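Undergrad: show me how the following folds:
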Amino acid sequence: MADPVRPAEEPRSDRGWWRWLRAIAVLSVLATLWLRLKPRQTADTRPRWSPLLPLTNLIDWRVGWHRLPWPVGLAIVVALRHQLRRDNLHDPSRVVPSLPHPPLKTPEAILLKQRSADGTFTDLGEPGMGSAGTRFGRNVPVLSISRESDDDVLRPNPRTVSRELLTRHTFQPAPGLNVLAAAWIQFMIRDWFSHGPGSQQNSWHVPLADSDPWPAEQRPMTILRTPADPTRPEGLTGLPPTHVNFESHWWDGSQIYGSNADYQHRARTGSGGKLAVDRDGFPDVAVDPLSPKHPADVPGFWVGLALLHMIFTLEHNAICDHYRSHYPKWSDDELFAHARLVNAALMAKIHTVEWTPAIIPHPTTQRAMRLNWWGLAGERVNRIVGRLSDSDLISGAVGSRQEHFGVPYALTEEFVAVYRMHPLIPDDYVFRATSDHRVLMERELSGVAQRAALEVLSQVSPTDLFYSLGVANPGAITLHNFPRGLQQFQRPDGRLQDLAATDILRTRELGVPRYNEFRKLIHLRPVTSFETLTDNPAWAEELRQVYDGDIDRVDLMVGMFAEPKPAGLGFSDTAFRIFVLMAPRRLKSDRFLTTDYTPEVYTQEGLNWVADNTMGTVLMRHFPALQTPLRGVSNAFMPWAAAVA
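TA: Numbering: from 1, shown residues only. Alright, predicted model coming up:
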C-alpha cells in the first residue's frame, strides 16, 4: 500500500459534469451508510466503532482526503473526526492519581449565566473541569507515554536540531497570510494554556559545541524545567508525566480577563462594566500586584500581541456601551459579565471561521471549519431560521447540546505541541503609513519586542501598526524558517534563550511521542525513511545526519515541519489530525457555546453582536481609517490592499 506521505500537489480538479455527479453519488452513499450505521450517542458517551472507519482509513491512506472533491473529502474528514473522538481523547487522572481537593461550593445563581474568573462551573456536572490549575489531557493513550530518561531527552542535542534544521537562512514567506495571523495565534495561546514559569532548580543543561556562537558567560545553555504537577502525590514512579494548565482550558478570553478573581478585579474600572485602558487605548493593568512588572516584561510581549490585547479590550468596552443602551438599569457586574461572554464568543468565531480557513485555505478545510460553527445548513440559514436540527453536522456545534465524548474536557499536551508555530514570526519589520504606504520605521524582531515594543507603540499610531502587519507576510511553517531573533534572544530576566531548542526539548519533556510513534497513534502510517518523510533531498540528508540515521528519533515538530504539505494547508497533515479533533471539542464541551448559547444567557443583542461581526468589522470599528485597505478583503488574516503613494 502506498505511503500516505507524498509531495504536495494541487487538489484534483473536477473537469466535466460527470465528475461532480460521481462525487455527489459517492458522498450520498457515504452519508447514507454513516447515518444508518453510526450508533446513537447519549451525552458524555465516547463514540463507538463504526464499520465505516476501515473504509475511511483506506481511502485516506491510498488517496488522501485533500485530493478528493470537497464533498467527498469533507465526508472523510467527518469520519476521521469520529474515529479520533473514539480513540484519541484521554484523561491522565484515570491512570495517574491526583491529590484530593475540597469540593467546590454550590455556585451562586449568577454563575449559572456568566463565566467564572477561573473557569469553574463552566460544566455544572463537574464544576472543576477545565478550570485553571487542572491537568492537561492527552490525545494519545496515557499508558503508551514513556517518560524518557534525561539523557534521551537531550538526544539528539536540541541545540543541534535548532542550528542544523531550523535556522532561517533566507526568509520563506507564507504568501496567503499576513503578519496579523502570526500575532493572532500567540494571542489565542495566551488564552488557552500555560505550563507556568519554569523551575530554576535542576534546570536542563544543554551541551554546546566549541564552534557554537553562544556567549561563553552563559555556557552551558540552560533551559528551565516545566513546573511539577502540584496535584500529583509524591512518590509515584513509573507513571507517565502530568502537568497542569495555569490558565483556564476554556475559550473564555482569559488572556484579557485573567484566570483568577484578583487579576479580573484589577483589570476592571468598576464602572459601566468596562476594562481599564490607558490614554493610548492599551490595557491598563499590572501583571503582578506585588511587583511593578509591566506586561512588556513578560516573555513573548511584542507589538503584534500588544495590538490585539488593545483592540479586544476596546471591543469589550464597545460591547458594554451597546448593552447599556439597551439595558440602562444593569449594574457594572451585569454589563461586564455579558460583555465578556460576547467578546469571548466573538474571538472563538473569528478563530474558527476566519483565522483557521486563512491558514488552511483548502476547499475542504474551509467548509469543515464553517461546518463546525454553522453546520451544513450554513450561515445564511442559521441567521434566518436558527438551528434546523440538534445535529452538529446539520446546524453546527455552536448552540448544540454540550458533550464531552466520554472524557472530561481539557486541552492536551499534543494540542500544545502542534501549536508550536514560531516560524510564522518574521525577523524584519517595516512600519508604513496607512494613507500612502510610505516607510515610517524599520526594526528587527528585537526592536519590536519587550520594552522596545513600547517605543514603537509610542511613535507609530495603532492604525499604521495594524496596516503594516496587514500588508506584510508571515513566515511559512517549515524547516529552516525559525526566526533568528528567537534563537538567541534576551529574556526580561537577562537570560539568553534559544526558543527553537526550547520547543524541541519541551515537547520531549512533556512526553509527547516522537514523529513516527505519534503518527501511529493518530491512525497515520509511520514513514519508513528520511526520503519518504520529505521530498527535499537536501533536507533528507540533513535529517539523517542530525538523527544519526534513526528515523524513529525524529521529533514531532521537526517531522511536521519537514513533511510535504497538502496543497492549501499552511501546516502538515499530521498536525491537521489534532485540529480536526480539538477544534470542535473546544466548542462542544463549553456550555456557553452550546447549551447556554441562548438569548436567555447572552440576550438577543449579544447573539446578534457575535453573528454580525468579523475581525474586519472589529478593526474598522475602532480604527475607521482601515476601511480603505480592508475594502474587498474577505478575510482580515489574508494580505490587505496596499495603499498607493
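
Undergrad: in which helix or strand would I find the residue nearest to residue 589 when sequence neighbours are not counted?
TA: Leaving aside its sequence neighbours, residue 589 sits nearest to residue 409 (CB to CB, 6 or more residues apart in numbering; 3.7 Å). Every residue, glycine included, has its C-beta placed from N, CA and C. Using DSSP states H and E, residue 409 is not contained in any helix or strand.

Undergrad: ok, how many other residues are close to residue 409?
TA: Residues near residue 409, counting by other CB atoms under 10 Å, number 24.

Undergrad: can you give me the distance of it to residue 593?
TA: Residue 409 sits at a distance of 12 Å from residue 593 (criterion: CB to CB, to the nearest Å).

Undergrad: over to residue 629?
TA: Per CB to CB, residue 629 is found 31 Å from residue 593.

Undergrad: and these two? Which one has more around it.
TA: residue 593 (26 against 22).

Undergrad: now do the contacts for the more buried one.
TA: 251, 345, 348, 397, 398, 399, 587 (CB atoms under 8 Å, 6 or more residues apart in numbering).

Undergrad: 10 Å - rerun?
TA: Going by CB atoms under 10 Å, 6 or more residues apart in numbering, residue 593 touches 122, 250-252, 341, 344-345, 348-349, 373, 397-400, 402, 586-587.

Undergrad: same check, this time on residue 484
TA: 167, 168, 169, 171, 427, 428, 444, 445, 446, 500.

Undergrad: state the number of residues packed around the closest residue to residue 562 other than its chain neighbours.
TA: Distance criterion CB to CB, 6+ apart; nearest residue to residue 562, sequence neighbours excluded, is residue 534 at 4.4 Å. By other CB under 10 Å, 23 other residues sit near residue 534.

Undergrad: which stretches of the stretch 51-200 of the chain form strands?
TA: Using DSSP state E, counting those that start in this stretch, the strands of the stretch 51-200 of the chain run over 199-206.

Undergrad: which strand residues bridge the residue nearest to residue 459 when sequence neighbours are not counted?
TA: In space, and not counting its chain neighbours, residue 459 is closest to residue 441: 6.7 Å by CB to CB, 6+ apart. Under DSSP bridges, the beta-bridge partners of residue 441 are residue 431.

Undergrad: distance-wise, check residue 441 relative to residue 280.
TA: In terms of CB to CB, residue 441 sits 17 Å off from residue 280.

Undergrad: which of these two has more neighbours?
TA: Higher neighbour count among residue 441 and residue 280: residue 441, with 17 against 11, using other CB under 10 Å.

Undergrad: what about that one, distance to residue 476?
TA: For residue 441, the distance to residue 476 equals 25 Å [CB to CB].

Undergrad: residue 496: neighbour count?
TA: 15.

Undergrad: neighbours around the closest residue to it other than its chain neighbours, how many?
TA: Counting by CB to CB, 6+ apart, residue 218 is the residue found nearest to residue 496 once chain neighbours are left out, at 5.2 Å. Look at residue 218: counted by other CB under 10 Å, it has 15 neighbours.

Undergrad: what's near enough to touch residue 218?
TA: Applying CB under 10 Å, 6+ apart, we find residue 218 in contact with 208, 488, 490, 494, 495, 496, 497.

Undergrad: now render the residues you listed as CSV, adding pLDDT, secondary structure and distance to residue 504.
TA: Below are the contacts of residue 218 laid out as CSV (pLDDT from 0 to 100; DSSP: H, G, I helix; E, B strand; the rest coil; distance: CB to CB, whole Å):
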residue, pLDDT, secondary structure, distance to residue 504
208, 96, coil, 15
488, 93, coil, 15
490, 89, strand, 20
494, 83, coil, 23
495, 87, coil, 18
496, 92, strand, 17
497, 94, strand, 13
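
Undergrad: emit the ChimeraX select command for whichever of these are buried.
TA: Filtering the contacts of residue 218 down to the buried ones (16 or more other CB atoms under 10 Å) takes a single ChimeraX command:
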select :208,488,497
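
Undergrad: can I get the contacts of residue 218 in CSV including distance to residue 322?
TA: Shown next, in CSV, are the contacts of residue 218 (distance: CB to CB, whole Å):
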residue, distance to residue 322
208, 56
488, 46
490, 43
494, 45
495, 45
496, 47
497, 43
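
Undergrad: looking at the contacts of residue 218, point me to the pair that's furthest apart.
TA: Greatest spatial distance in these: 208 and 494, 18.6 Å, computed using CB to CB.

Undergrad: strands along the stretch 451-600 of the chain, start to end?
TA: For the stretch 451-600 of the chain, the strands defined by DSSP E, counting those that start in this stretch occupy 489-490, 496-497.

Undergrad: what's the closest of those to residue 94?
TA: Closest of the strands of the stretch 451-600 of the chain to residue 94 is strand 496-497, at 35.4 Å (criterion: CB to CB).

Undergrad: adjacent strands (with direction) for that closest one?
TA: Short version: by DSSP bridges, strand 496-497 pairs with strand 489-490 (antiparallel).

Undergrad: list the contacts of the partner strand.
TA: With contact meaning CB under 10 Å, 6+ apart, strand 489-490 is reached by 218, 299, 445, 446, 449, 450, 483, 495, 496, 497, 498, 499.

Undergrad: so what's the residue count around residue 634?
TA: Per other CB under 10 Å, the neighbour tally for residue 634 reads 11.

Undergrad: actually residue 294, not the one I typed
TA: Residues near residue 294, counting by other CB under 10 Å, number 15.

Undergrad: correct me, but it touches residue 492?
TA: Yes - counting by CB atoms under 10 Å, residue 294 does reach residue 492; the two are 9.4 Å apart.

Undergrad: got the buried residues for stretch 390-397?
TA: Buried-residue list, stretch 390-397, by 16+ other CB under 10 Å: 392, 393, 394, 395, 396, 397.

Undergrad: of these, which pair is most distant in space?
TA: 394 and 397, at 11.1 Å, using CB to CB across these.

Undergrad: what touches both of those two?
TA: With CB under 10 Å, 6+ apart, residue 394 and residue 397 have common neighbours 371, 374, 375.

Undergrad: for these, give me a markdown table that also has neighbour count and secondary structure.
TA: Converted to a markdown table, the shared contacts of residue 394 and residue 397 look like this (neighbours: other CB atoms under 10 Å; DSSP: H, G, I helix; E, B strand; the rest coil):
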| residue | neighbour count | secondary structure |
| --- | --- | --- |
| 371 | 23 | helix |
| 374 | 25 | helix |
| 375 | 24 | coil |
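
Undergrad: do you know how far the residue nearest to residue 589 is from residue 126?
TA: In this view, residue 409 and residue 126 are 9 Å apart by CB to CB.

Undergrad: what of residue 527?
TA: Applying CB to CB to residue 527 and residue 126 gives a distance of 40 Å.

Undergrad: what do you get for residue 452?
TA: In this view, residue 452 and residue 126 are 45 Å apart by CB to CB.

Undergrad: then residue 61?
TA: 37 Å.

Undergrad: again with residue 145
TA: Distance, residue 145 to residue 126, by CB to CB: 24 Å.

Undergrad: so which of the two has more stuff around it?
TA: Neighbours per residue, other CB under 10 Å: of residue 145 and residue 126, the larger number sits with residue 145, 23 against 16.

Undergrad: list the contacts of the spatially closest residue to the more buried one that is not a sequence neighbour.
TA: Sequence neighbours aside, residue 240 is the residue nearest to residue 145 in space, at 3.9 Å (criterion: CB to CB, 6+ apart). Contacts for residue 240 were tallied using CB under 10 Å, 6+ apart; they are 92, 95-96, 138, 140-147, 511.
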